[in-house]
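**Q** task: produce atomic coordinates for the following.
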Amino acid sequence: MADEDDLDFNPFFQALQTTFKQHYSIARHKCHLVCVPATDTLQGRAINQRFVETHILRASPFFQGQYISTDKDGSKTIAVEKGNIVTLEGFQEEAEVRILSEELAYNEDYKPYKILVIERPLDGITQSSTSRSRSQSILGESQRITYQENQQYLFSFPECKKALLRLDKNITEFKNNYMIVTGYLDHAVQKLQGMCQQAVEDILKLCKRERQIDIIAQAVESYVVGSVHTKVWQAVCQQCKKEESLLQNKLEELRGVTGEQLGVKEVFCCPLPGAVVELATLDGLKTPLEKLSCLKRTLDSVNEEVNIHLREHQDPTSDDLPCLVSDDLILLLVPVLVQARCLHLPSNIFFIENLQWSLSSKDDLGFSLVTFKASMEYLMSADFSHLRATMSPTQKNNEISIPELMQAAQHMTLQPRPGEWMGRGAAAEADSLGKMTSFDKKLESITRMMERSSQELAAAPMPLKSITGETGDQPRQGGSRGEQVPDVIPLRKADNSAGLGDFLSSLQDDFGCSYGKQS
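**A** I've put the predicted structure just below:
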């Protein structure tokens, strides 16, 4: 076995021994088949319960050589044939996945079970080769997510200096001279897209890196959009102000609401502080890729915290954990949105959808965006007045506000949390400033981004008034009061009798993602 496929260093196999230790213990005890995707195909992939249950399979009681996934409904079936795994049921199409190596392991009762190292994940075969290449390039090989990382990558090619100088000139001209006219934001978007396409062509002509075109295209987009973020973000917020005003009213109406009150299954109801802290950073991020990654990390955090809650309260007589499906996830996100105070969520979604052009809409990032769109539309269109009437005054005011979160961040950077760094004497206590936990650092990051975002919005003008009729001496102002701001997502009238199905189907066409039970 190659070094990169050594099980000791495989992220999936490591997850089985840590995060999903119980799943692996059951698999060993029952001698299930364990399929471990090759290490290099797991970069950027979310290893969650659904992924684990797809790759731990039990022998079929009906057909020799066939195996069934260990999710609650046994929704997927594979067959092992002549050194390959053939997907039979539960996958969008039949395909073959090559077996790279096979190991025989033994459980505590000295019974054997098989571990197969396979060339790629079983649930990744439905992606087109282009989508798979883009996902691996952007979230795998490079791990370049932030604006700064993509900027450093582009300027690491000395042979492309001429093309990058031209790109910088175009960016500066856009920032200094281009006026985003109210109602014509799409023209600015097209201009930025054309700027990115021209830069990619120029770079490829000079450095001859056609095989890296997806990586280069994403780096250029992140660099260009990140460079003009302040100017464009103001225009996006102006265009989405009607939706944001409605959202603000809804968030205020739902302060203190719990998952149980929204109809989340009791088994999934638990605090989600990690997801709230993660989502609170969204407004301070500069590029669509950074914002998309934040949405994905938030969903991953929700899944992780719910799974921890389920394992802690699991019936000891049952081997199976309840499966968190999309409808449950959408409802769980509502309290997270309320607590994170995502007032600019409509602008963030518009920013992501319209200012990135090279990402696939059918991978994990695309699914994350669709899930947040669905949760936001449910939040904005449903009638929650009956919930507000039943909430106690204590429940209505039991949240941490953004100012309180900032104060907590400042406090926690000065003092260790209870139980941390104790018993080390005065010297260790004096040195605690440089030893913050990851939670402390996350809160400090939120504080810096919110302060920076507020300063940018306050300091920069908003040139959104139409050029027509404006003189040089007149101050620039926003759009007129009577102007109709177009909606990013059409709002639906609240219907007390309507469930989630009314809006889920409308979002399927955009990204090819369906809702309901995920198999």
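**Q** do a quick rundown of the helices in the stretch 51-200 of the chain.
**A** Counting by DSSP state H, counting those that start in this stretch, the stretch 51-200 of the chain has helices at residues 129-136, 147-154, 161-177, 185-207.
**Q** mean confidence for the second one?
**A** Put plainly, it is helix 147-154. Per-residue pLDDT over helix 147-154 has a mean of 91.
**Q** now the longest one
**A** When pLDDT is averaged along helix 185-207, the result is 92.
**Q** pull it out as PDB, backbone CA atoms only.
**A** What follows is helix 185-207 as a C-alpha-only set of coordinates in PDB (Å, rounded to 0.1, in the frame of the first residue of the first chain):
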ATOM      1  CA  LEU A 185     -26.000  46.200 -10.200                       C
ATOM      2  CA  ASP A 186     -26.100  43.400 -12.800                       C
ATOM      3  CA  HIS A 187     -24.000  45.600 -15.100                       C
ATOM      4  CA  ALA A 188     -21.300  45.900 -12.500                       C
ATOM      5  CA  VAL A 189     -21.400  42.100 -12.000                       C
ATOM      6  CA  GLN A 190     -21.000  41.600 -15.700                       C
ATOM      7  CA  LYS A 191     -18.100  44.000 -15.800                       C
ATOM      8  CA  LEU A 192     -16.300  42.200 -12.900                       C
ATOM      9  CA  GLN A 193     -17.000  38.800 -14.600                       C
ATOM     10  CA  GLY A 194     -15.500  40.000 -17.900                       C
ATOM     11  CA  MET A 195     -12.500  41.400 -15.900                       C
ATOM     12  CA  CYS A 196     -11.900  37.900 -14.400                       C
ATOM     13  CA  GLN A 197     -12.300  36.100 -17.700                       C
ATOM     14  CA  GLN A 198      -9.800  38.400 -19.400                       C
ATOM     15  CA  ALA A 199      -7.300  38.000 -16.600                       C
ATOM     16  CA  VAL A 200      -7.500  34.200 -16.700                       C
ATOM     17  CA  GLU A 201      -6.900  34.200 -20.400                       C
ATOM     18  CA  ASP A 202      -3.900  36.500 -20.000                       C
ATOM     19  CA  ILE A 203      -2.400  34.400 -17.200                       C
ATOM     20  CA  LEU A 204      -2.800  31.100 -19.200                       C
ATOM     21  CA  LYS A 205      -1.100  32.600 -22.200                       C
ATOM     22  CA  LEU A 206       2.000  33.600 -20.200                       C
ATOM     23  CA  CYS A 207       2.400  30.700 -17.800                       C
END
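**Q** so what touches that helix?
**A** Helix 185-207 has contacts (Cβ atoms under 8 Å, 6 or more residues apart in numbering) with 154, 157, 159-160, 162-164, 166-167, 170-171, 174, 178, 180-181, 209-210, 213, 216-217, 220-221, 224-225, 228, 232, 235-236, 239, 354-355, 357. (Glycine included, C-beta is placed from N, CA and C.)
**Q** ok, Leu192 - how many residues close by?
**A** Neighbour count of Leu192, defined by other Cβ atoms under 10 Å: 23.
**Q** equivalent analysis for Tyr110, please.
**A** Counted with other Cβ under 10 Å, Tyr110 comes out at 6.
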